[in-house]
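Trainee: Predicted structure and sequence below. I'll ask about it afterward.
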Amino acid sequence: MNNNTFYPGEIARLQALNLIPVNEDDRIKALTQYNILDTPEEPAYDELVKLAAYICKTPIAAISLIDHDRQWFKSKIGLNLSQTPRGDSFCAYAIMNPKQVMAINDAGIDPRFADHRLVNNEPHARFYAGAPLNTASGETLGTLCVLDHKPHTLWQKTQEELLQSLSRQVIAQMELRKARSVYKQHLKEQIDTHTKLKECQKQLERAHAELKTLNTTDPLTGVKNRRAFDQLLRYEYRRASRYRAPLSLMMIDIDRFKAFNDEYGKLEGDRVLQRLAHILQSIVRNCDLVARYGGEEFTVILPETDRDSAMTIAERLCEVVEKTAWPIRSVTISIGVATASAEYDHIMLVQRTDKALYQAKQAGRNRVVHVEDIKL
């Protein structure tokens, strides 16, 4: 298929609308190198699309890749189309400004889109938000986008940030896919000798290891994930030991969260996790690290923080969470706190913090316990 002539006259139409980026040749070349156009659906991309729709509360979401004269959907939900002419896409506009999410709250009253094909025909879109898919070298390949049949807004800054975070995960998946393809080709070409085969296998392992480091964000809450937490705690512990600086750690658990999920459902539970993550980030300092440790547990690394300061922050978190107006019912948290000592390493710091959290829950929940206050 010659995509340059798939939709005749489309290039001239795009030029008239001033919808061709200045780096169009490099952009198309980069897209072609991923060898992803017209490939079957893949679970990794489908999960990201479902998550985008859930986070933004829209019935439609898609990964849209902008080719010469068409937009093609690698993954989609709530959409019957597999591709459209490029000029009939909202994403053709979104890639013109790769540094921010493009949001159209009501396309029906936007002069650019009032007569738009996707507004007046399937899928009858009124709301659109698209986070550009930007490569490391600066080419914008398309968007991770969400749409609604009615006017809509991104109701909080967190949704926009999470949409951008998910768009980076799309690129990470594309990089991984390309790396696998590249190294499979190398393996095929170099299979004639044992030495070359071993070298190719080593390169593949290094590529996988490098790409794994890209995946450091929890996609549901937008905070760091367990992998990032483990890496940064080791770093902060070494730094604290080298400079003899205080370092504290908090472990946070949502009280009776399983019962909440059982009564109100996992979707409502996920909303609690998202809101709690937002509260944690709004209260801690810029130098602190909030991470989702697993399930309903979060951790906060507190560099340059002694016992008393850590307890003050933890008490403040408990108070704010308890006083927050939660949509369904009140939510409280229990917090365990430990402060680093020369007597134990970063692994023991986590273990002691976990013991303090366990004690806080055993003592009645909705409270803070420092490990020094309990018998170990």
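Mentor: That came through fine. Residues are numbered from 1 along each chain as shown.

Trainee: ok, then the element right after the helix or strand bottoming out on mean pLDDT in the chain?
Mentor: Counting by mean pLDDT, DSSP states H and E, the chain has its least confident helix or strand at helix 194-212, which shows a mean of 58. Using DSSP states H and E, the helix or strand that follows helix 194-212 in sequence is helix 226-243.

Trainee: can you pull the buried residues of that next one?
Mentor: Buried residues in helix 226-243, counted by 16 or more other C-beta atoms under 10 Å: A228, F229, D230, L232, L233, E236, Y237, A240. Every C-beta, even on glycine, is put in place using the N, C-alpha and C of the backbone.

Trainee: Run through the neighbouring helices and strands of the helix or strand following it.
Mentor: Downstream of helix 226-243, the first helix or strand assigned by DSSP H and E is strand 247-254. Other elements packing on strand 247-254 under the criterion 3 or more C-beta pairs under 8 Å, 6 or more residues apart in numbering; DSSP states H and E are helix 226-243, helix 266-283, strand 297-303, helix 307-323, strand 333-339, helix 346-362.

Trainee: mind redoing it with 7 Å?
Mentor: For strand 247-254, the elements it packs on are helix 226-243, strand 297-303, helix 307-323, strand 333-339, helix 346-362, judged by 3 or more C-beta pairs under 7 Å, 6 or more residues apart in numbering; DSSP states H and E.

Trainee: Give me the contact list for the helix or strand that it is followed by.
Mentor: Counting by DSSP H and E, the next helix or strand C-terminal to strand 247-254 is helix 257-264. Residues outside helix 257-264 that contact it (C-beta atoms under 7 Å, 6 or more residues apart in numbering): G269, V272, E296, I328.

Trainee: try 6 Å this time
Mentor: G269, E296, I328 (C-beta atoms under 6 Å, 6 or more residues apart in numbering).

Trainee: Same question for stretch 78-93.
Mentor: Applying C-beta under 6 Å, 6+ apart, the external contacts of stretch 78-93 come out as 7, 10, 13-14, 19, 59-60, 62, 64, 66, 69-73, 117, 123, 128, 130, 142-143.

Trainee: Now, those residues that are in strands?
Mentor: Counting by DSSP state E, these place I60, A62, S64, I66, R70, Q71, W72, F73, Y128, G130, G142, T143 in strands.

Trainee: what's the domain layout of this protein?
Mentor: Domain assignment for the chain by automatic domain parsing gives 3-174, 226-373.

Trainee: rank those by pLDDT, which is bottom?
Mentor: Lowest mean pLDDT within the domains of the chain: domain 3-174, at a mean of 90.

Trainee: Distance from the chain centre to that domain, please.
Mentor: Taking the mean of its C-alpha atoms, domain 3-174 sits 17 Å from the chain's own mean (C-alpha atoms, centre = their mean, to the nearest Å).
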